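>>> Got a predicted structure plus its sequence, pasted below:
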Amino acid sequence: AVTLTSSIRESAKFPYSNVDTYKGYAYTSRTGRKGDWVLYTFDEPVSCREMLLRTGYSHLTKMQFVTGYAEVSYDGTTYERAGDLEKGSITLKPGRPVKSVRIVSTCDDNGTPYVTIQPPQVKPAL
């Protein structure tokens, strides 16, 4: 299970609780601004070989954090930078179980009135 929080209020129609469902999209109530963040917190640390985090849609270059970076926390408190977003997404390959991941925007505005947040795609450790 995963909980989503953000520095941006959620859309009433597509709330953040949607990301805990299969193929559930969530929307923010406004566009992203520099310093805005999205935080995925897992109930239990997740062991995985790969984790894809995506804002926006893969087939559209809108509704995303245009530029930004991801930070990983193994304890839920201390974060370390894990890489830069590319087209609103990042694929992480953590070396140990992850408690939470934060995506931070480094741009102002994305040309749309909101940001789409997708559920994390986690490939389990083999």
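On my side now, so go ahead.
>>> Do I have it right that residue 114 meets residue 29?
Yes. Counting by CB atoms under 8 Å, residue 114 does reach residue 29; the two are 6.7 Å apart. To be clear about C-beta, it is placed using only N, CA and C from the backbone, and glycine gets the same treatment.
>>> For the longest strand along the chain, which helices and strands make contact with it?
When the chain is scanned for its longest strand (criterion: DSSP state E), the result is strand 37-46. The helices and strands touching strand 37-46, judged by 3 or more CB pairs under 8 Å, 6 or more residues apart in numbering; DSSP states H and E, are strand 2-6, strand 98-105.
>>> Pull out the buried positions in that strand.
Residues of strand 37-46 classed as buried: 37-42, 46 (neighbour count, 16 or more other CB atoms under 10 Å).
>>> now swap in stretch 49-59 and tell me
51, 53-56.
>>> Could you do stretch 91-103 as well?
So for stretch 91-103, counting by 16+ other CB under 10 Å, buried means 92, 94, 98-103.
>>> Distance to residue 85 and pLDDT added to these, as CSV?
Supplementary listing: the buried residues of stretch 91-103 in CSV, determined by distance: CB to CB, whole Å; pLDDT from 0 to 100:
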residue, distance to residue 85, pLDDT
92, 11, 97
94, 16, 94
98, 17, 97
99, 21, 98
100, 17, 97
101, 12, 97
102, 12, 98
103, 7, 97
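>>> which among those gets closest to residue 63?
For the buried residues of stretch 91-103, the closest approach to residue 63 (CB to CB) belongs to residue 103, at 13.8 Å.
>>> State the distance from that closest one to residue 61.
17 Å (CB to CB, to the nearest Å).
>>> Likewise for residue 75?
The span separating residue 75 from residue 61 equals 35 Å under the rule CB to CB.
>>> When those two are compared, which one has more neighbours?
Set side by side, residue 75 and residue 61 show more neighbours around residue 61, with 13 against 10, by other CB atoms under 10 Å.
>>> Ramachandran angles for the more buried one?
Note on residue 61: its backbone torsions stand at phi -100, psi 40 [degrees, to the nearest 10].
>>> now swap in residue 93 and tell me
Dihedral pair for residue 93: phi -130, psi 70, per degrees, to the nearest 10.
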